[in-house]
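Trainee: structure for this input, please:
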Amino acid sequence: METVIQTEHLVKKYGKARGITDVSLTVNAGEIYGFMGPNGAGKSTTIRSLLGLIQITGGTAQIFGKDCTREKADILKKIGYMPSETVFYKGMKVKDVIALSAKLRGKDCRKQADILCERLRLDVDRKVEQLSLGNRKKVGIVCAMQHEPELCIFDEPTSGLDPLIQKVFFDLILERNKEGATFFLSSHVLSEVKKYCTRAAIIREGKVIAEDSVENLIAGSARKVTVSGIADLPEKLQKRVKKVTKDGEQIHFLYQGEPKMLLDILHTQPLTDLLIEEPDMEEIFLHYYQ
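Mentor: Here you go, the predicted structure:
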C-alpha cells in the first residue's frame, strides 16, 4: 500500500517551550485518517511541520515520498489545506478570495468552486470581514478542495459549522475519498473520528501515544457495564473496575479485562438486569490519556 504521509520521531521545539516531542505516524493512500488530541496537544504544530510552514527541530517528515522541508514546493502542489483559523484579506469578496486561491494554483477551478459553494450554501458576494466563523470555514473548505488535490489536510475543520453543513462537509469528503483522495483530519470531536475515519493517532503533550485502526483503538479500551439487582459490587470485581457510580437500583462502572471473568463473577449475584456497552469515544480518549 502506498504511503502518503510518513513521520518518524518528529520534533519541533519553541525555545524552552514544548511544541511536539515525538510524532511518528503513517498515513496510507486512500485513507481518511484521524489525528486526535485536545487543544494544545500538538496537532496544529504537527500539521504546520508537515506543510513546511515551520522548521522542524528533529526527526523526519515525508509526504508522497518527498522531504517536507527540502521539497515542500512540489508537495504543496498536490495538497489542499485548511488551518484551524482562517484569515483572509479584508475588503475582498468571497468569490474574489476563491478566485485568487485558484489563480495561485495556476488552475481553472470555477466549475468545482461553483459546486462546492452551492452545496455549502456559501454567499460569494459578501465581503470576508462580514462573515461568521462558520462561513469563513466554508470559504476555507472551498479553497482547500476546489483544485481536487490528492491529499487534503484539515485542522479542526468542523468547529463553527452548523450540523447540517457538517454533514455536507463529510459527504464531500466521502465522495472525494471514493475517487481516491486521501484525508488527514485533525479533530477533538471524537464521534467524528469514530464515524468517518478508518485509522487514527492520538497525540498527548506533543507525543503520539497510540496509532491503529479506529476499531482496534476502541477494542483496547474498557467496557461500560450496568448492573441492577444488587446493592454493591462483589469484592473480587471492585479490584478490577473504575468509575463506579450508582443511580437508584443501577450500578455503572468501567471494566477492562477478560469478559469470561466478568461474567463468572456476576453469575453468582442475584442480578435482575445486565448491560455491557462499547465505551463512548470520550471515554476511550480518557483511557489513553490516563
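
Trainee: and Tyr81, that one's in a strand?
Mentor: Yes - assessed with DSSP: H, G, I helix; E, B strand; the rest coil, Tyr81 lies in a strand.

Trainee: who's in contact with it?
Mentor: With contact taken as CB atoms under 8 Å, 6 or more residues apart in numbering, Tyr81 is in contact with Ile47, Leu51, Ala144, Cys152, Ile153, Phe154, Asp155. Heads up, the C-betas are built off the backbone N, CA and C, glycines and all.

Trainee: show me the beta-bridge partners of it.
Mentor: When assigned by DSSP bridges, Tyr81 has beta-bridge partners Ile153.

Trainee: distance check, it against Gly257.
Mentor: 43 Å (CB to CB, to the nearest Å).

Trainee: ditto for Ser187
Mentor: Distance from Ser187 to Gly257, counting by CB to CB: 30 Å.

Trainee: quick check on those two: which one has the bigger neighbour count.
Mentor: Each of Ser187 and Gly257 has its neighbours counted (other CB atoms under 10 Å); Ser187 has more, 22 against 12.

Trainee: is it true that that one touches Gln166?
Mentor: No - counting by CB atoms under 8 Å, Ser187 stays clear of Gln166, with 11.3 Å between them.

Trainee: overlap in contacts of these two?
Mentor: With contacts defined as CB under 8 Å, 6+ apart, the residues shared by Ser187 and Gln166 are Thr158.

Trainee: pretty sure Lys194 belongs to a strand, no?
Mentor: No - with three-state DSSP as the criterion, Lys194 is helix rather than part of a strand.

Trainee: my guess is it contacts Glu215, does it?
Mentor: No - in this structure, Lys194 is not within contact of Glu215 by CB under 8 Å, at 9.5 Å.

Trainee: between these two, which one's more packed in?
Mentor: Legend: neighbour count by other CB under 10 Å for Lys194 and Glu215, higher for Lys194 (18 against 11).

Trainee: now that one: how far from Arg105?
Mentor: 33 Å.

Trainee: could you do Leu116 as well?
Mentor: From Leu116 to Arg105 the distance is 14 Å (CB to CB).

Trainee: among the two, which residue is more densely surrounded?
Mentor: Between Leu116 and Arg105, counted using other CB under 10 Å, Leu116 has the larger neighbour count: 21 against 16.

Trainee: quick revisit: among the contacts of Tyr81, the buried ones, what's the PyMOL command?
Mentor: Only the buried entries of the contacts of Tyr81 go into this PyMOL selection, using 16 or more other CB atoms under 10 Å:
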select buried, resi 47+51+144+152+153+154+155
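
Trainee: who's in contact with the longest helix along the chain?
Mentor: Counting by DSSP state H, the longest helix found in the chain is helix 163-178. Applying CB under 8 Å, 6+ apart, the contact partners of helix 163-178 are 30, 32, 116, 119-121, 134, 138, 141, 145, 148, 152, 157-158, 161, 183, 185, 192, 195-196.

Trainee: how far does it sit from its chain's centre?
Mentor: Relative to its chain's centre, helix 163-178 lies at 14 Å (CA atoms, centre = their mean, to the nearest Å).

Trainee: list the buried residues of it.
Mentor: For helix 163-178, using 16+ other CB under 10 Å, the buried residues are Ile165, Gln166, Val168, Phe169, Phe170, Leu172, Ile173, Arg176, Asn177.

Trainee: same question, stretch 231-243
Mentor: Leu233, Leu237, Arg240, Val241.

Trainee: and those residues, which of them are in strands?
Mentor: By the criterion of DSSP state E, membership of the buried residues of stretch 231-243 in strands covers Val241.
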